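>>> Fold the stuff below for me.
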Amino acid sequence: MTFESLPVTFADVRAAAHRLRGIANRTPVLTSRTFNALTGREVYFKCENFQRGGAFKFRGAYNRLAQLTDDEKKRGVVAFSSGNHAQGTALAAQLLGIPTTIVMPDDAPRVKLDATRGYGAAIITYDRLTGNREAIARQLAEERGVTLVPPFNDPHIIAGQGTAALELLEEVPDLDALVSPIGGGGLISGCAIAAKGLRPHIDVFGVEAVGADDAQQSLRAGRIISIPPPTTIADGIRTQSVGTLTFPIMRALLSDIVLVSDAEILDALRFALTRMKIVVEPTGAVPIAAVLQNRIPANARRVGIIVSGGNIGGELMSAILQ
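Model prediction:
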């Protein structure tokens with residue numbers, strides 16, 4: 001599959017950036033001399049933990065909802081999410097005056113449940129180990145006649161997420177590699193399209209947690225592999241399979257997918273909190289861990305990291321500090 005035949009184009013990401021201008025935060029790019037010394041690289045952190053709703057998900061959600069018709073906006077939307085897509089969709093819907101229902105696992109972090117409710121969305125919970133969140137949401141959408149807003153398998157969602165990398169490469173254009181976490185693949189797919197559009201020879205690396213390696217298995221097998229519900233601490237990447245739209249993009253544009261353990265994720269999270277003084281959730285620490293553990297090739301000297309979010313619960317933060 002060629003770059004031009006992918007389901008989302010660089011022009012789509014550019015259009016999403018125009019749509020989000022003045023709405024989404026243009027998040028900061030931070031550096032750490034200590035991190036550079038530890039890794040032997042020049043590393044640039046695109047801090048989506050400072051995005052509205054606390055994560056990159058607001059970008060894709062707003063880009064999707066802003067393109068609904070007036071009638072679709074009036075009838076409302078339903079989404080399914082472990083937390084950050086829930087918050088991003090709820091906030092985007094609040095800004096656009098759209099009634100919203102979110103299907104969330106009953107073990108989602110309290111901070112994400114509370115924030116989603118705070119943005120005015122109705123929440124329906126389910127058991128993550130036995131229920132199918134997409135099936136529940138699709139049934140609700142059909143019964144109520146509302147629009148389904150998936151967390152990653154949608155071209156407008158993918159294009160919106162890609163604006164994070166677009167901003168990073170506009171600010172730091174000469175990167176050798178871009179590193180991002182992978183859940184369903186929406187973030188890394190959009191970011192890969194943006195990065196390759198601006199810098200064709202850049203390497204793009206995805207990172208998953210051990211035991212949540214459905215994307216790595218899928219790329220190795222050449223087809224989408226589904227896995228049992230993951231138990232990783234990184235709740236944002238507990239997906240069981242990648243999307244039918246994100247998979248071909250990842251196959252075409254990613255250089256590799258690497259894995260990190262929960263212990264390594266916690267070490268990276270602790271570094272971000274204690275040395276960089278930024279609040280990062282476990283999923284946001286996943287790509288930090290990969291670079292810290294030298295999981296990407298040594299010849300990648302200038303590296304951009306997508307820090308996907310900062311919605312961490314107080315209990316986990318307290319445990320890390322102790």
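>>> In its sheet, which strands sit next to the strand or helix carrying residue 304, and in what direction?
If you go by DSSP states H and E, residue 304 is part of strand 302-307. The strands that strand 302-307 pairs with in its sheet are strand 42-47 (parallel), strand 177-181 (parallel) (by DSSP bridges).
>>> list the buried ones in the next helix or strand along the chain from that strand?
Once the chain leaves strand 302-307, the next helix or strand it forms, by DSSP H and E, is helix 314-321. Going by neighbour count (16 or more other CB atoms under 10 Å), the buried part of helix 314-321 is 316, 320. In short, each C-beta sits where N, CA and C put it, glycine included.
>>> One more: stretch 275-282?
Residues of stretch 275-282 classed as buried by neighbour count (16+ other CB under 10 Å): 276, 278-282.
>>> go on, stretch 233-252?
Buried residues in stretch 233-252 (16+ other CB under 10 Å): 233-239, 241-243, 245-250, 252.
>>> any idea which element the residue most central in space within the chain lies in?
Centre of the chain computed as the mean C-alpha position; nearest residue by CA atoms, centre = their mean is residue 187, 4.4 Å away. Element membership of residue 187, judged by DSSP H and E, is helix 186-198.
>>> Find the residue closest to residue 253 in space, skipping its chain neighbours.
For residue 253, ignoring the flanking residues on the chain, the nearest one in space by CB to CB, 6 or more residues apart in numbering is residue 192 at 4.0 Å.
>>> go on, residue 34?
In space, and not counting its chain neighbours, residue 34 is closest to residue 275: 5.5 Å by CB to CB, 6+ apart.
>>> How much space separates residue 180 from residue 186?
Here the distance between residue 180 and residue 186 works out to 10 Å (CB to CB, to the nearest Å).
>>> got the angle between the strand holding residue 304 and helix 186-198?
Interaxial angle, strand 302-307 versus helix 186-198 (axes from the mean of the first three to the mean of the last three CA atoms, to 10 degrees): 150 degrees.
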